[in-house]
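Undergrad: Output the structure for:
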Amino acid sequence: MRILVTGVSGQVGHDLLRTLAPLGEVVGLDRSAMDLASPDSIRAAVRRVAPQLIFNPAAYTAVDRAESEADEAMRINGIAPGVLGEEAARLGAWLVHYSTDYVFDGSGTRPWREEDPTGPLGVYGRTKLAGEQAVAASGCRHLILRTSWVYSLRGRNFLTTMHRLACEREELRVVDDQVGAPTSSAALADAGAALVRRLRADPPPEGGIFHMSCAGVVSWCGFARAIVDRLDAVSQALGAPPPAHRPRVTPIRTEDYPTPAARPRNSVLDNGRLARGFGQALPHWEVALNALLAGGGERPVA
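TA: Okay, here's the model as predicted:
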């Protein structure tokens with residue numbers, strides 16, 4: 001099986017290269033090889049590779065900047081997935097496309113199900129929802145995987161940002177009234193490889209939308225405390241010197257930390273459909289965090 005992976009310089013794309021490698025010929029493309037803002041570039045790259053399976057974790061993820069770069073965000077998040085879907089349909093390939101909890105408005109207290117009404121609060125969520133709709137309209141066989149609060153040991157994300165700030169500050173003031181499930185890119189990539197095995201062994205008659213996040217619920221403040229509690233392990237995993245002190249973590253309200261883009265208060269996803277349809281369940285977020293810091297994110301996939 002030839003597998004095309006987009007966005008391999010990003011968190012999930014990078015980890016997918018590792019987990020998918022034993023399962024076929026993996027062709028990883030970054031922006032220089034496939035510009036998602038250009039439909040012509042997308043079509044040329046897909047036709048050159050001619051894959052049987054496409055993974056699309058690439059996205060415009062600068063949530064706040066998207067408010068002032070809506071056209072660019074729409075080209076990458078909203079239009080590009082539909083072009084990938086059209087090319088997948090032409091080849092008879094499956095498309096696995098990653099989406100986000102930001103398609104919901106964050107109201108209520110129960111976990112969000114796939115069939116719940118969407119209501120994105122900002123440009124990022126609206127463009128990701130447009131991408132879901134474009135994939136569905138393309139006619140390709142597809143899986144749309146909504147996830148939440150993705151982090152890893154590379155690039156800019158909550159884990160690396162909290163480590164940097166912990167090394168610089170005596171106090172970290174972190175929002176405590178937004179809840180979700182931190183999901184490591186390593187856990188997502190492991191689950192992606194398991195999906196490929198299922199698609200090869202027993203392909204479902206149809207795809208659709210599935211929620212795929214780690215188990216458990218925590219606030220951003222709670223996640224920050226977990227990182228601070230593991231600062232030495234985080235430093236070692238990042239190859240950075242350990243901080244000279246351990247900062248205190250202070251809970252604040254959303255209103256105390258205004259941002260250009262509104263965030264959902266409730267980002268918890270119900271992963272029941274994934275468990276019923278594919279027999280999969282990602283680990284608890286703390287288990288996944290510990291595994292990543294212990295080197296579990298670099299383990300080979302059997």
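
Undergrad: For residue 118, which non-adjacent residue is spatially closest?
TA: By the measure of CB to CB, 6 or more residues apart in numbering, the closest residue to residue 118 outside its immediate chain neighbours is residue 103, 4.6 Å from it. Bear in mind the C-beta positions are built from the backbone N, C-alpha and C, glycine included.

Undergrad: Surely that neighbour and residue 148 touch.
TA: No. Counting by CB atoms under 8 Å, residue 103 sits too far from residue 148 to count as a contact (10.7 Å).

Undergrad: These two: who's more crowded?
TA: When neighbours are counted by other CB atoms under 10 Å, residue 103 and residue 148 differ, and residue 103 comes out ahead with 26 against 22.

Undergrad: Look up how far residue 7 lies from that one.
TA: As defined by CB to CB, to the nearest Å, residue 103 lies at a distance of 19 Å from residue 7.

Undergrad: Over to residue 32?
TA: 12 Å.

Undergrad: and what of residue 253?
TA: 34 Å.

Undergrad: Have a look at those two and say which one is more surrounded.
TA: Legend: neighbour count by other CB under 10 Å for residue 253 and residue 7, higher for residue 7 (24 against 10).

Undergrad: So that one sits against residue 54, correct?
TA: No. In terms of CB under 8 Å, residue 7 does not count as a neighbour of residue 54; the distance is 11.5 Å.

Undergrad: anything in contact with each of residue 103 and residue 148?
TA: Between them, residue 103 and residue 148 share no contacting residue under CB atoms under 8 Å, 6 or more residues apart in numbering.

Undergrad: Pull the number of nearby residues for residue 232.
TA: 12.

Undergrad: Give the other helices and strands that the helix or strand where it lies contacts.
TA: When elements are assigned from DSSP states H and E, residue 232 belongs to helix 231-238. Contact analysis of helix 231-238 by 3 or more CB pairs under 8 Å, 6 or more residues apart in numbering; DSSP states H and E lists helix 158-168, helix 285-293 as its packing neighbours.
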